[in-house]
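Colleague: Quick one, fold the following:
(chains A, B, C and D, ligands or ions: 4)
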Amino acid sequence: MTRYSALGLLRGGFDGHKSWTRAWRAPEPKPRYDVIIIGGGGHGLATAYYLAKVHGVRNVAVLERGWIGGGNTGRNTTIVRSNYRLPQMQDLLEFSLKLWEGLSQELNYNLMFSQRGALFLGHSDSDMTMLAQRGDSLRCNGVDADLLTREHVRRLCPLLNMSESARYPIHGGLIQKRGGTARHDAVAWGYARAADALGVDIIQNCEVTGIDMEGGRAVGVRTSRGAIGADRIGICVAGNSSLVAAMAGLRLPIESHMLQAFVSEPVKPMIDTVIMSQSIHCYISQSDKGEIVLGGDPEMYPSYSQRGVPMRIEEVAGQAIGLVPALSRLRMLRCWSGVTDMSFDGAPIIGETPVEGLYLNGGWCYGGFKATPGSGWLYAHALAKGVPHPVAAPFNLERFASGATIDEAASGPLPQSR
Amino acid sequence: MSGPSRAAQGGLVDRARTIKFSFDGQVYEGHPGDTLASALLANGVSLMGRSFKYHRPRGVLAAGVEEPNALVGAGTGGRYEPNTRASDLFLYDGLVAVSQNRWPSLAFDVGALNSLIARFIPAGFYYKTFIGPPWLWKLYEHVIRRAAGLGAAPTEPEVDAFEHRAAFCDVLVAGAGPAGLAAALAAARGGARVILAEQDARLGGSLLGDEALIDGLPALDWIARTEAQLAQLGARVLKRTTAMGYYDHNQLTLIERRVEAGQAPGASGLAQRLWRVRAGRVILAQGAIERPILFSNNDQPGVILAGAAKVYARRYGVLPGRRVVVATNNDEAYAAALALADAGCEIVAILDSRSAAGSAIVAAARARFAVHLDADLISAKGAKQVTGAEAVVAGKPLSLEADLIAASGGFTPVVHLHMQAGGTLDWNETTGAFTPAIARQGQVSVGACAGREGLSEVLADGWLAGELAAAAAPSTASQSPSPKGGGIRTEGATAIAPPSGEGDQAQPDGGGQPRAQAKYDGPTNTLAHWTPAPGVNLKTAFVDPQNDVTAADLDLAWREGYRSVEHLKRYTTLGMATDQGKTSNLIGLARLAQAEGRPVPEVGLTTFRPPYTPTTLAALAGEATGQHMAPLRRTPLYTIHAAHNPPWQPVGYWQRPRAYPRAGETLAQAGLREARSVRTAVGMIDVSTLGKFEIAGPDAAALIERVCATPVAKLAVGRGRYTVMLREDGMVVDDGTVWRLGEQRYLLTSSTGGGDRMVGHLSYVRKILEPGYKVAVASVQERWGAVAVAGPLARAALAGLDLEPPAHMGLVRGQIGGLAVLVLAASYSGERAFEIYAPSHDLPRIWAVLQDAVTAHGGGLYGLEALELLRIEKGHIETGAEIDGRHTPGDLGLTKALRAKGGFVGAPALARPALSLPDRQRLVGLEAEDGGAIPEGAMLLSARGRKPEGHVTSAGRRVTAKGDIALGLLSAGPERVGETLLASSPTRGRTVRVSVVAPIFYDPEGARYRD
Amino acid sequence: MIEALAIQPCAPDALLRLEQWGAVPAALPAPGRAADTPMGRLIWIEPGAWLLRAPLGDLVQATAQLEILAGDDGAVIDITGGLARFRLTGPAWRELLTVGGVFDVENPAFAPGCAAATILHHAAIWIDVIEAETADVYCLPSYAQELAAGWARAVRVSANRF
Amino acid sequence: MFLIACPYCGPRSQAEFAYERPVEAAAHPTDTSEATILALYTRTNARDFEDELWRHAYGCRAWLKIRRHRVTHEIAEIRLIEATA
Ligand SMILES: Cc1cc2nc3c(=O)[nH]c(=O)nc-3n(C[C@H](O)[C@H](O)[C@H](O)COP(=O)(O)OP(=O)(O)OC[C@H]3O[C@@H](n4cnc5c(N)ncnc54)[C@H](O)[C@@H]3O)c2cc1C
Ligand SMILES: NC(=O)c1ccc[n+]([C@@H]2O[C@H](COP(=O)([O-])OP(=O)(O)OC[C@H]3O[C@@H](n4cnc5c(N)ncnc54)[C@H](O)[C@@H]3O)[C@@H](O)[C@H]2O)c1
Ligand SMILES: Cc1cc2nc3c(=O)[nH]c(=O)nc-3n(C[C@H](O)[C@H](O)[C@H](O)COP(=O)(O)O)c2cc1C
Ligand SMILES: [Zn+2]
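Modeller: Ligands and ions are numbered 1, 2, ... in the order given. Alright, predicted model coming up:
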């Protein structure tokens, strides 16, 4: 692996950048691996990296149907934070956030992890109480959270509509200063490059089409590039979880829903933090390149389509302008969508399945980008040791039948009500 | 280029009138019909912008929406629109435009230093450097963010109006060039309801820059006649309207610009309109976009697309240069050369990369200019402005002097909408063009966007498609085909006889298919050719000029393994700029295909996504923004409350008064005063927002017993009782009351939020779970306005109104002030209380009568603050606080209220083991040990550990006695009565010692309201 | 402008909901239709459900008549006060309802005697086409002010049309 | 936005409809706990046609059984739940 540095670029300036090598190889699949990860998104690649790095399991393949990072990793609004409501979620995402904090250096790849703050706005006294409750819960659990007054919020983001007569007036906010954004593509590429350097085979254009079973145990996969054997197989395919699990006869508490996001044309800096709201379903940030990145709620109905739906976008635009009136004349440049793996309590599933040798990492809904390093670490733990890491233990698949669901949004089993 | 360059005559601008506008502070003049770009060119201004990364000087490349370079900020204040394409901004009086991404000025830009270090900052350089801890990145980022971005950020709120419209048609035609006009006319003639959308301010498309006769008329006259005919046939013709997105089931979004960027609309205030169109059939007639050529410094001001140069000369009467070198791989650029020459330019040479060219138009050009075959452009000379060109002709160098290079690398059919609609493409290796193949929503592409060339063929194509669409579309509209997995080949619809046989006469009356008589009416004979000639410096051969992506960048990305077309795009940012690669994507793709040694279709295209051209958020939002981003629901008493100017509490879309403070009173003081008056005398409150349902029929009780977890069947007529509703997972989601109005008639109430939620839920239970039930269900939430009168004097207050108030949990019908009411005796406050229901329109009058009675008994109004204090003290749980969607009836102390037999929604799931674990968080009361308000939402910590064991769900104080109290959810709560805990709120810097008590602080026996 | 469109809030009506779970009496309008009857204006609103609008003073009488019609296989629920009504008069009423709407109100087939429910400016509405240039629009009273404000804005913004 | 041909109201915009749930996810309150948990917490979630319950929430309020493709969004069949008219 050629190390990345400013010096390297300087050298490249003189040799026409001819000496940069491939960021990752393009190996042919081997007949068998110790561990196969299905899905070359951020989570799958991170899992492979930590398997090799932390557990010394290097005979690992990541099988990606298309191009790595082309799933939700490549189409999310890149918000990273750990300020969730429920303690299990806080523990999980704080575990991840701590990993983010050293990740660019660890991977020798600039992930542009920008701790610009993740701000929730409150629009009424009761919103503020809810935010305080969330903040109190976080602080008691060792996660940073600060309640902001209206004045604070105004200073942080002067373009917010601070009018008292606004439809959703801004009473204050709750900020996680360590929250922020990261460059989505870089996360996939950075993990891929680092995993590849440790010997992991990253195999693109390799779709898993079947799971081979022997005596109730998963022993390998069928792919568009042939059959491949493995001791352990980890599913890590986000919106496609149900389809791959079905290859081993499993039915999951997951439904696939379409979620859209869009960017404006780039402009000079205007929003310096990540803006979310307690009452309105839209979130706003500005990328380093200058586009305003906007997102809203997923569609209500299940879909594997990555085409868009105009009405949701129109709604998000209206709300965004409501919060930041100066966005009005910015132009939407591109709008896309991803297929999210909506679990039936809003929390992910990490760990074993009823099929021996087959593991599942999925159900991240619309919030798994922030979990990428943590999810990879914890999943690698389960795949290497066969038992869950304590932080991941509550996120088991049995919780739906046992009743120990982790209902962050308190909205029950139907994903569309979340 | 130097000096003004308006041609002596010609063009479609209104030379009789002048318009003043400013660019970077300098005032210029132009004419109506000009774009900013044409007017600037006419004024001799060719430097119009700076590139994103290297801040290279840029002029205008195109004459339409595909322009990557000439971006300006248009307008001021709330109308300021950054990144506006100068070539797509029609001039208006007073236009203020500024250049972008330069400091201190466009001509002298410090940022251009970046181009000196360009060799060190190739594609993706930022991934390789600035690698450090997050705090360090924050410092770098600060600088990088300021260098990035294009136009200055807007800072002011909107001043104009935007709206959404629904429209339905049998046939929607996108694009009004010859193909689109012919299609729309044929469809309208066929009796279809037609919408024709054209993004330009004029209809005609390429005809506006061409010389042709159609049906014997000059093109412009034919356009005008067609427009008139369309109007006559009732077609809706929308100009300056872009079809921006093609969605499922033939829904398209159109954006109509009523005014130009930054321009003030007239009295109506309407700036843009979004049309939500549902079409039976869609005809796409978007035309084709010309491609540039790769050579060194191909981004210099003075390098322009050949077709654009023609448009500037013909349509705008502007000479984009004086001495022109034309570089091409097709015949179409010869038409540009001829047009430019006719307008007064000198054609220095035509460099044709093909080895042979022999069509009529080539011959005509050869007769007038130096035409070189086998000729490749190597570089543009000059700085900030082209001064010449270096070429290789049949292997020999050739140096030319020129101030304009008009280049044409072939044509890219605009397949955006076709692709958004899920279509597929075919590849033409010779012309280097993707054309529509399979259509999934029955859409048909016609004209240049289908790869058709030559006016006759294009007209015929459009006409036939229009005829077929009208015949296929159902006459009643709003009926569109479902997208089909298989799809149909568009050729099926458009494979047509080639135009004009001898006997095929034009029909001058315009009754049939339009016929063209053009001087040169044939194929473009494009010979695609992608490799830059040897000698071209790949580091300055720009593929995507806006984002400064060069051929060398593409090569680097490939070397580093970013070889999927999607990786290449993202690593280099090819095609990700504001033009979305309209001119550049295919060139980049072809380069990748070459590197991979694979054919172009195999490396694939990136995804076409809406919008076709960038669309203001304001237009997307329409009227639903600002105050209207969500509706405000008003109770029947809203204006009465508003007269008190109370602090409001949003509850969903509703607004409810929190209190009615007197002068000098804080909200808390007002709440306490109001609560005390309820405890000591009588108060009244608007409770109209509560959910209410009337359920009638033989199976009414059975239906309610499915929905509610408490027994209902034995309720006597005229009586009511408390109930709870569970979600299917066993969690409590709401509580309310059930009243038996008659033998087979019930009233069910819920929380305010339940009013909406229960509509669907009741309907589900009724229609899906129990379709056989004989029962009618109606939401009567808004039929009944409601007022609660509560307090020890409540009965007395009502008794004065000729009303015999019912006993606790009883109901009676009566009259107040001569108006019929329903009176229910239910207590939420803990005092004797009555809820008075009346048709919503009668409520204001009843309120007035009640207010007199209540005041006469020493009471007054109360709001939600007082209600909170009262219900917390009484230990009544509330939706949104204790009922938070994560707790079972057992958690909330409601087990005894449930029907043991089950059979209600939520019952089966309650059996799950984790739902009866002893350490679940359960309802408790909390009392502050040392005084001091208990922070609502605070965490409950015990001496045992640091982790929260529960939280405060609602907090208040005793109403008449002293003491701060709260309700909370606490792990194993009821078993811990007597324990001392900390209620800790680190975010508010407050911690209070609390003792755990039973969750009721006032009149546990209910003596205050029992009869 | 005024000739093209007048938007008139109506005085309260007596409103009754008739729901049938068994056989449907023949006298009731078919799906998507409305009709004037001796009891008042009867509008099909849902499969098996009709809305009767009568003068407020006729409430008792109308209830009794409707209950007879309902027989054993149906029930009548008084929802007086539960809906607000606007009367739109003038040729531009259809265009008004395209602003912020999703329904093909301009379809010539949506003629007098037709009724439809849809959503407009976030609010549920019911449209009853009375005559070519007259329609009634019903909405929940809590949305009435917002709806009227939306219409006022639309009229202002599209002043050239209405 | 789909166009859903309501058997009562004709083709209408999806904006008027509420997606409710897949047919397979409907459980009756008298079902066993096991059956209820399976219905509530497992799905086929196929990349294919599935039967779904939709409600014409802003139209005629009818419940419809819709067979819809989860990728193309093609609607193959729309059936009424109740038969009254
Ligand atoms: C619009 C949008 C906005 C979002 N915003 C945020 C946000 O702001 N913050 C946040 O934290 N999260 C956000 N998310 C969620 C987040 O993007 C995801 O949870 C996360 O990226 C999932 O990563 P992954 O690696 O699990 O999945 P993916 O990145 O989707 O990777 C799964 C991979 O599996 C591959 N695959 C699928 N099937 C097969 C097969 N049979 N064989 C081989 N390979 C297969 C796919 O091609 C894909 O590359 C958002 C999601 C979307 C769609
Ligand atoms: N096929 C080729 O490569 C090629 C090359 C050069 C010239 N031509 C000539 O060009 C003419 C083609 O006629 P045509 O009608 O097909 O194309 P056109 O270019 O004349 O018209 C296309 C029209 O569609 C409009 N448009 C594009 N996208 C739109 C959108 N999303 N919404 C609204 N409007 C949109 C454009 O503004 C333009 O007016 C013929 O005369 C042909 O000979 C063809
Ligand atoms: C945070 C973020 C920023 C983006 N910025 C841009 C952008 O500036 N220009 C652009 O064309 N696309 C941008 N995209 C969108 C991608 O082009 C693309 O649409 C997205 O990765 C989904 O892939 P697809 O459209 O190929 O399906 C951005 C995407 C994300 C997630
Ligand atoms: Zn319907």
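Colleague: Identify the residues contacting the nearest residue to residue B:998 once chain neighbours are set aside.
Modeller: Spatial nearest neighbour of residue B:998, excluding adjacent residues (C-beta to C-beta, 6 or more residues apart in numbering or on different chains): residue B:925 at 5.4 Å. The C-beta positions use only the backbone N, C-alpha and C, and glycine is treated the same way. Listed by C-beta atoms under 8 Å, 6 or more residues apart in numbering or on different chains, the contact set of residue B:925 reads B:875, B:965, B:966, B:967, B:968, B:996, B:997, B:998, B:999, B:1000, B:1001.
Colleague: Any of these buried? List them.
Modeller: B:875, B:965, B:966, B:967, B:968, B:996, B:997, B:999, B:1000, B:1001 (16 or more other C-beta atoms under 10 Å in any protein chain shown).
Colleague: Now do the helix or strand hosting the fourth one: which elements does it pack against?
Modeller: Assessed by DSSP states H and E, residue B:967 sits inside strand B:964-971. With contacts defined as 3 or more C-beta pairs under 8 Å, 6 or more residues apart in numbering or on different chains; DSSP states H and E, the secondary structure elements packing on strand B:964-971 are helix B:864-874, strand B:921-928, strand B:950-957, strand B:980-985, strand B:990-997.
Colleague: Beyond the second one, next helix or strand please.
Modeller: On the C-terminal side of strand B:921-928, the nearest following helix or strand under DSSP H and E is strand B:939-941.
Colleague: Quickly run through the sheet partners of that following strand, with directions.
Modeller: Sheet pairing of strand B:939-941 (DSSP bridges) gives strand B:950-957 (antiparallel), strand B:980-985 (antiparallel).
Colleague: Mind listing what's buried along the first one?
Modeller: To tie it back to what came earlier, the one meant is strand B:950-957. By 16+ other C-beta under 10 Å, the buried positions in strand B:950-957 come out as B:950, B:951, B:952, B:953, B:954, B:955, B:956, B:957.
Colleague: Can you add pLDDT and distance to residue A:4 and give the buried ones among the contacts of residue B:925 back as a markdown table?
Modeller: Output for the buried ones among the contacts of residue B:925, formatted as a markdown table (pLDDT from 0 to 100; distance: C-beta to C-beta, whole Å):
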| residue | pLDDT | distance to residue A:4 |
| --- | --- | --- |
| B:875 | 97 | 63 |
| B:965 | 98 | 61 |
| B:966 | 98 | 55 |
| B:967 | 98 | 56 |
| B:968 | 98 | 53 |
| B:996 | 98 | 58 |
| B:997 | 98 | 62 |
| B:999 | 98 | 60 |
| B:1000 | 97 | 65 |
| B:1001 | 98 | 65 |
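Colleague: From these, pick the one nearest chain A.
Modeller: residue B:968 (11.2 Å; C-beta to the nearest C-beta).
Colleague: Output the set of residues of chain C in proximity to chain D.
Modeller: Residues of chain C lying near chain D by C-beta under 8 Å from any C-beta of the partner chain: C:20-22, C:24, C:30-32, C:45-49, C:102-103, C:116-119, C:124.
Colleague: Quick one, which of those are buried?
Modeller: For the residues of chain C next to chain D, buried by 16+ other C-beta under 10 Å: C:20-21, C:24, C:31-32, C:45-49, C:102-103, C:116-119, C:124.
Colleague: Give me the subset of those lying in strands.
Modeller: C:20, C:45, C:46, C:49, C:116, C:117, C:118, C:119, C:124 (DSSP state E).
Colleague: Which two of those have the greatest separation?
Modeller: Using C-beta to C-beta, these span at most 25.6 Å, a distance reached by C:20 and C:119.
Colleague: tell me the contacts of residue B:28?
Modeller: Residue B:28 sits next to B:20, B:21, B:22, B:39, B:40, B:43, B:45 when contact means C-beta under 8 Å, 6+ apart.
Colleague: quick one: the nearest residue to the second one once chain neighbours are set aside from residue B:152, how far?
Modeller: Read that as residue B:21. Nearest residue to residue B:21, sequence neighbours excluded (C-beta to C-beta, 6+ apart): residue B:95, at 3.9 Å. Distance check for residue B:95 against residue B:152: by C-beta to C-beta, to the nearest Å, it reads 17 Å.
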